[in-house]
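Peer 1: got a predicted structure here, sequence first:
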Amino acid sequence: MRKVLWGDYPAAELRDLAARDPIVVVPIGSTEQHGPHLPVQVDSLLVAEVARRAAERGGDETILVMPTIWTGLAEHHMGFGGTVTLDYSVFHALIRQVCVSLTRQGIRRIALLNGHGGNIVALQLATGELAREIPGVVATATYFLLAEQRFAGILERQDGVRHACEAETSMTLALRPDLVDIEAMRTVDAPAEGMLSPGFHRWRPIEHWSDSGVIGYPPAASAEKGERLLEAAADAVRDALVDEELWTPPAAQVTV
């Protein structure tokens, strides 16, 4: 099994690896409530695992996975407690400094792999700003959106990821069953849909949709299903990372 975690290497080896033009993946999660049955680390736990599995199957590409950024934009979950959130300026500064640190060492391909819906727009904005500032390519994607079609063929009661739902509960059961409250999972009351709307966007806390902090159907979760979801996500992320077109800088971008 190849060694893919940045934190497992001594600095001298990382200097050598930087000269090989690796892809460096920065997993970005959140620390936030996930209903009565799941731990607050779910988003960080899952995105880190997907990143690791994707990197291990990188083939000819050298893919390194940074330590996970464990907090993001989660103001909409603050009402339930257990949540740590940043505002956009702090979040952007954190992402920027990680990317600048990497590019100063010669890294020219950085993938910001997201595992929390509240981070999506902020990361898209950040990558656009960083493209005009630092050399190389900084790209972002959310693992469960990359794998959305694959997930639809595995999930039974949902067509995609919601919150503390069939999908997230299944994947947590596959990785850390000791952290899942099975009785609460089976009895939690939650709406099937919420948060996304085709109309005008406005900010609302999650309790606007769900008294339990859950959206989706966790009683349908299983560890077997979770393992299939994790494998599907890892394949989808790997496929996206090794696509040469992703790493071709546009003419207007800083490249030196």
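Peer 2: Perfect, I can see it now.
Peer 1: make it CA atoms for all contacts and neighbour counts henceforth
Peer 2: Fine.
Peer 1: so what's the backbone phi/psi at the spatially most central residue of the chain?
Peer 2: Among the residues of the chain, the one closest to the centroid is residue 115, at 2.1 Å (C-alpha atoms, centre = their mean). When read as degrees, to the nearest 10, the backbone of residue 115 gives phi -130, psi 10.
Peer 1: does it touch residue 144 like I think?
Peer 2: Yes - assessed by C-alpha atoms under 8 Å, residue 115 is found in contact with residue 144 at 7.3 Å.
Peer 1: ok, residue 81 touching residue 31?
Peer 2: No - the criterion here is C-alpha under 8 Å, and residue 81 misses it with residue 31 at 10.4 Å.
Peer 1: settle it for me: which of those two has more neighbours?
Peer 2: Between residue 81 and residue 31, counted using other C-alpha atoms under 10 Å, the more crowded position is residue 31 (24 against 10).
Peer 1: which residues does that one contact?
Peer 2: 40-44, 70-72, 74, 82-85 (C-alpha atoms under 8 Å, 6 or more residues apart in numbering).
Peer 1: separate out the buried members of those residues.
Peer 2: Buried subset of the contacts of residue 31 (neighbour count, 16 or more other C-alpha atoms under 10 Å): 40-44, 70-72, 74, 83-85.
Peer 1: distance of the residue nearest to the centre of the chain relative to residue 101?
Peer 2: 22 Å (C-alpha to C-alpha, to the nearest Å).
Peer 1: would you map the helices across this protein?
Peer 2: Using DSSP state H, the helices of the chain run over 11-18, 42-56, 88-104, 120-131, 143-146, 148-152, 166-175, 182-187, 223-241.
Peer 1: circling back to that earlier point, which one of the buried ones among the contacts of residue 31 is nearest residue 95?
Peer 2: Lowest distance from residue 95 to the buried ones among the contacts of residue 31 (C-alpha to C-alpha) belongs to residue 72, with 10.1 Å.
Peer 1: quick check: mean pLDDT of stretch 111-127?
Peer 2: For stretch 111-127, mean pLDDT rounds to 98.
Peer 1: and the contacts of it?
Peer 2: By C-alpha under 8 Å, 6+ apart, the residues outside stretch 111-127 that reach it are 23-30, 43-44, 46-47, 51, 72-74, 88, 92, 95-96, 138-144, 241.
Peer 1: show me just the buried residues among those.
Peer 2: Counted by 16+ other C-alpha under 10 Å, the contacts of stretch 111-127 give 23-30, 43-44, 46-47, 51, 72-74, 92, 95-96, 138-144, 241 as buried.
Peer 1: distance from stretch 130-137 to the middle of the chain?
Peer 2: 21 Å (C-alpha atoms, centre = their mean, to the nearest Å).
Peer 1: what's the end-to-end length of it?
Peer 2: End to end - C-alpha to C-alpha - stretch 130-137 spans 9 Å.
Peer 1: list the buried residues in that stretch.
Peer 2: 130-131, 134-137.
Peer 1: taking these, tell me the two that lie furthest apart.
Peer 2: 130 and 136 (9.7 Å).
Peer 1: any stretches of the stretch 51-200 of the chain with poor pLDDT?
Peer 2: Counting by pLDDT under 70, the ranges of the stretch 51-200 of the chain that qualify are 193-198.
Peer 1: what do you get if the cut-off is 80, keeping everything else the same?
Peer 2: By pLDDT under 80, the weakly predicted segments of the stretch 51-200 of the chain are 192-200.
Peer 1: state the distance from the nearest residue to residue 30 once chain neighbours are set aside to residue 170.
Peer 2: Leaving aside its sequence neighbours, residue 30 sits nearest to residue 71 (C-alpha to C-alpha, 6 or more residues apart in numbering; 4.1 Å). Distance of residue 71 to residue 170, computed by C-alpha to C-alpha: 22 Å.
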